[in-house]
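Trainee: dropping a prediction and its sequence here:
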Amino acid sequence: MLFAGSFAAQLISAVLWSQESDAPMVWFTGGVLLAALLGQERQYWLACVVGWVVGLLASLVVFPSSLINLAVVTLPLVALILAAAWVLRRVCPGRRIDDFGRLAAFFAIGGFALPLFSAIVIVALQQYLISGVASSLHSWMHVALASALGYVLLVPALISLSDPKSIIRKEGVPGWLVMVTATGALALLWLAWRLYGHAPLVRPLLLLLPLTMVIFAALRTQIPGTSVAILLFGVVAMQISLEGHGPFLGTDMATTTLSVQLWTLGMSLAGLFLAALVEQRRVTQRELLDSSGQIRELAGRLIVAQEQERARIARDLHDDINQRLALASIQLSAIRRKVDKESQEDISQLQHELIALSDDVRHLSHELHPSMLSHTGLTAALAELCHAQRQRNGPRVDLRVSPHVGQLSQDVALCLYRVTQEALSNAVRHAHAQRISVAVDMNVTHVELDVMDDGNGFELSGDHGGETAKGLGLLSMDERVRSLDGELHLMSTLGRGTQLCIRIPLRHPEVSVPG
């Protein structure tokens, strides 16, 4: 794999070589090796180097060159790349270059220090050991900028593509619309640079024209797409400049080459930092969504566990405590017949209190686990709930239920019942309402519950309304509704009552509702 990458990178770099100035536009081969070293453990580095060197040697078949020249340049270059990879792995643990800190460290080491020292070594060796020709300032800059472009354009993209945790690996490659847009933008840029690149009036605008596509690539494809976009723009700029066209033409080809290299490097720095910002934001969003999903799953499990525990406690109250209270009442009746008349009145009073306590326990058992919901359906269970509120000298409760709710699933029916139960309790205890209306409407797509009261109300601030949003009751209702992919809305005005609305989608509606 590294052999093929090294071979292809060397061929592309040779194609973009400026023959007139005898200077490289960009050198991708070093970037291939650095990306491989950063993506592999150290025990595999030797194999990476061997594969990379073999690829370089194979490129001599297509572009013949002196083997001694290649060996003299390659050996110190490999040592420099190995040193840069070692430093980067120490400074940036892991295999990611996707945040500002890691990207800045990479630019400092891989985009500046490594190309600079490589240029010094290569030019010095070529000058004194091979050609014997004194080098110019342009030669140093050409080699350094060509190496820097290769590292900056290739390494972050390859590292991001190889990282299984990267956003582009999780979300997949962009669709055909993105590809068509990128191809059209590239063709438009080539045409504009070729036809109008010589015009001084529009030259600044033409230099900024790729910026919109770079931003688009950063938003849609993050670091890999941004690197590819800048690489394509750079290739277009290099090829047009080699043909004597475009906005980068200088007094000579050496100046033109430097102009293209500096522009491409500047676009790379700006585009990759923007892409890193976008990728970090997308990573944060995905982590929040994953955390939200985990929290919702946990909340759903807690609700199920709560219902199971309520059912257990309700059974204990009904089958054990209530039966023992009844037995105690029967025993008191037997004792009352054996004592004097004066003591009989005291026992009768105690017996009445036991009966009242038994009724309270039975009512508490029904509140904990509404057996009517499973036996007689949601309509009867809601009617009993509203009737119980009126019996306790509570407010007037008007109930309207759609005739089709009998075919709702058990989890949806339980959610509607529990939300109604909590809403009625809040309206009576906190809002001191005198009248409450409960309505359940259903159609083929969703079911809605609407609970309104004329109580005190409160001022809404933030989600679900200020302090109320912090209450466990409302949080429990919200989690129940969200566990069924529903929505909860709370509307209230101080002194004008409260309205609670929930809407739950029906994934598999089993009833045809007229209208």
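Mentor: That came in fine, so what should we check first?
Trainee: hmm, which helix or strand of the chain has the shakiest average pLDDT?
Mentor: Of all helical and strand segments in the chain, the minimum by mean pLDDT, DSSP states H and E falls on helix 167-171, at a mean of 59.
Trainee: start and end of stretch 372-382, how far apart?
Mentor: Terminal residues of stretch 372-382 lie 9 Å apart, using CA to CA, to the nearest Å.
Trainee: could you point out which element follows the least confident helix or strand of the chain?
Mentor: Counting by DSSP states H and E, the next helix or strand C-terminal to helix 167-171 is helix 176-196.
Trainee: run through who's touching that following helix.
Mentor: 202, 206, 209-210, 212-213, 216-217, 220-221, 229, 232-233, 236-237, 240, 245-247 (CB atoms under 8 Å, 6 or more residues apart in numbering). (Each C-beta comes from the backbone N, C-alpha and C, glycine too.)
Trainee: can you show me the helices along the stretch 351-500 of the chain?
Mentor: Ranges of helices in the stretch 351-500 of the chain, per DSSP state H, counting those that start in this stretch, are 371-375, 378-391, 410-429, 472-483.
Trainee: contact partners of the longest one?
Mentor: Meaning helix 410-429. 307, 367, 370, 373-374, 377-378, 381-382, 385-386, 389, 394-395, 397, 405, 408, 433, 436, 438, 440, 447, 449, 451, 453, 455, 473-474, 476-477, 480-481, 483-484, 486, 498, 500, 502, 504, 506.
Trainee: do the same with the first one
Mentor: Surrounding helix 371-375, the residues in contact under the criterion CB under 8 Å, 6+ apart are 314, 366, 380-381, 384, 410, 413-414, 417.
Trainee: just say helix, strand or coil for the residue most central in space within the chain.
Mentor: In the chain, the residue lying closest to the centroid (CA atoms, centre = their mean) is residue 286, at 1.4 Å. Secondary structure, DSSP: H, G, I helix; E, B strand; the rest coil: residue 286 is helix.
Trainee: how much space between it and residue 328?
Mentor: For residue 286, the distance to residue 328 (CB to CB, to the nearest Å) stands at 61 Å.
Trainee: and what of residue 235?
Mentor: Taking CB to CB, one finds residue 235 at 93 Å from residue 328.
Trainee: comparing these two, which shows the higher neighbour count?
Mentor: Neighbour tally, residue 235 and residue 328, criterion other CB atoms under 10 Å: the higher count belongs to residue 235, 19 against 15.
Trainee: how far away is the more buried one from residue 39?
Mentor: Noted for residue 235: a distance of 24 Å to residue 39, by CB to CB.
Trainee: how about low-confidence regions in the protein?
Mentor: Where the chain drops to pLDDT under 70, the residues are 17-23, 63-72, 126-138, 163-175, 391-393, 460-472, 508-515.
Trainee: what about the strands in it?
Mentor: In the chain, strands defined by DSSP state E lie at 17-18, 23-24, 396-401, 435-442, 446-453, 487-492, 498-505, listed in chain order.
Trainee: out of these, which comes closest to residue 270?
Mentor: When the strands of the chain are compared by CB to CB, strand 23-24 sits nearest residue 270, at 22.9 Å.
Trainee: how many neighbours does residue 184 have?
Mentor: By other CB under 10 Å, the residues close to residue 184 number 11.
Trainee: over to residue 231?
Mentor: Residue 231 is flanked by 21 other residues according to other CB under 10 Å.
Trainee: if we can go back for a sec, going by neighbour count, which of the contacts of helix 410-429 are buried?
Mentor: Buried members of the contacts of helix 410-429, scored by 16 or more other CB atoms under 10 Å, are 370, 373, 377-378, 381-382, 385-386, 389, 394-395, 397, 405, 408, 433, 436, 438, 440, 447, 449, 451, 453, 455, 473-474, 476-477, 480-481, 483-484, 486, 498, 500, 502, 504, 506.
Trainee: now residue 96, what are its backbone angles?
Mentor: Dihedral pair for residue 96: phi -130, psi 140, per degrees, to the nearest 10.
Trainee: just confirm it contacts residue 103, I think it does.
Mentor: No: judged on CB atoms under 8 Å, residue 96 makes no contact with residue 103 at a distance of 10.0 Å.
Trainee: pretty sure residue 442 sits against residue 379.
Mentor: No: counting by CB under 8 Å, residue 442 sits too far from residue 379 to count as a contact (11.3 Å).
Trainee: who does residue 436 form a beta bridge with?
Mentor: With beta bridges defined as DSSP bridges, residue 436 has these partners: residue 397, residue 453.
Trainee: you'd agree it is up against residue 453?
Mentor: Yes: Residue 436 lies in contact with residue 453 (CB under 8 Å); the separation is 4.6 Å.
Trainee: so what sits against both of those two?
Mentor: Residues touching both residue 436 and residue 453 (CB under 8 Å, 6+ apart) are 395, 427.
Trainee: CA atoms of stretch 313-331 as CSV?
Mentor: Provided in CSV are the C-alpha atoms of stretch 313-331 (Å, rounded to 0.1, in the frame of the first residue of the first chain):
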residue,chain,number,x,y,z
ILE,A,313,-45.7,-2.2,46.1
ALA,A,314,-49.3,-2.0,45.0
ARG,A,315,-49.7,-5.7,45.2
ASP,A,316,-48.2,-5.8,48.7
LEU,A,317,-50.5,-3.0,49.8
HIS,A,318,-53.6,-4.7,48.4
ASP,A,319,-52.8,-8.3,49.1
ASP,A,320,-51.0,-8.0,52.4
ILE,A,321,-51.4,-4.8,54.2
ASN,A,322,-55.1,-4.3,53.2
GLN,A,323,-55.9,-7.9,54.1
ARG,A,324,-54.3,-7.6,57.5
LEU,A,325,-56.2,-4.4,58.1
ALA,A,326,-59.4,-6.2,57.2
LEU,A,327,-58.5,-9.1,59.5
ALA,A,328,-57.8,-6.6,62.3
SER,A,329,-61.2,-5.0,61.8
ILE,A,330,-62.9,-8.5,62.0
GLN,A,331,-61.0,-9.3,65.2
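Trainee: and the contacts of it?
Mentor: Against stretch 313-331 from outside (CB under 8 Å, 6+ apart): 351, 354-355, 357-358, 361-362, 364-366, 368-369, 371.
Trainee: out of those, which are buried?
Mentor: Counted by 16+ other CB under 10 Å, the contacts of stretch 313-331 give 351, 354, 358, 361-362, 365-366, 368-369 as buried.
Trainee: farthest pair within the residues you listed?
Mentor: Farthest pair in these, by CB to CB: 351 and 369, 27.7 Å.
Trainee: using CSV, write out every CA atom in stretch 262-277.
Mentor: C-alpha atoms of stretch 262-277 as CSV (Å, rounded to 0.1, in the frame of the first residue of the first chain):
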residue,chain,number,x,y,z
LEU,A,262,2.6,30.8,-1.2
TRP,A,263,-1.1,31.2,-2.2
THR,A,264,-1.7,27.5,-2.0
LEU,A,265,0.0,27.3,1.4
GLY,A,266,-2.0,30.2,2.7
MET,A,267,-5.3,28.7,1.6
SER,A,268,-4.3,25.4,3.2
LEU,A,269,-3.6,27.0,6.6
ALA,A,270,-6.9,29.0,6.6
GLY,A,271,-9.0,26.1,5.2
LEU,A,272,-7.6,23.4,7.5
PHE,A,273,-8.1,25.5,10.6
LEU,A,274,-11.7,26.2,9.5
ALA,A,275,-12.2,22.5,8.8
ALA,A,276,-10.8,21.6,12.2
LEU,A,277,-13.3,24.0,13.8
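Trainee: which parts of it are buried?
Mentor: Residues 263-265, 267-277 are the ones in stretch 262-277 that count as buried (16+ other CB under 10 Å).
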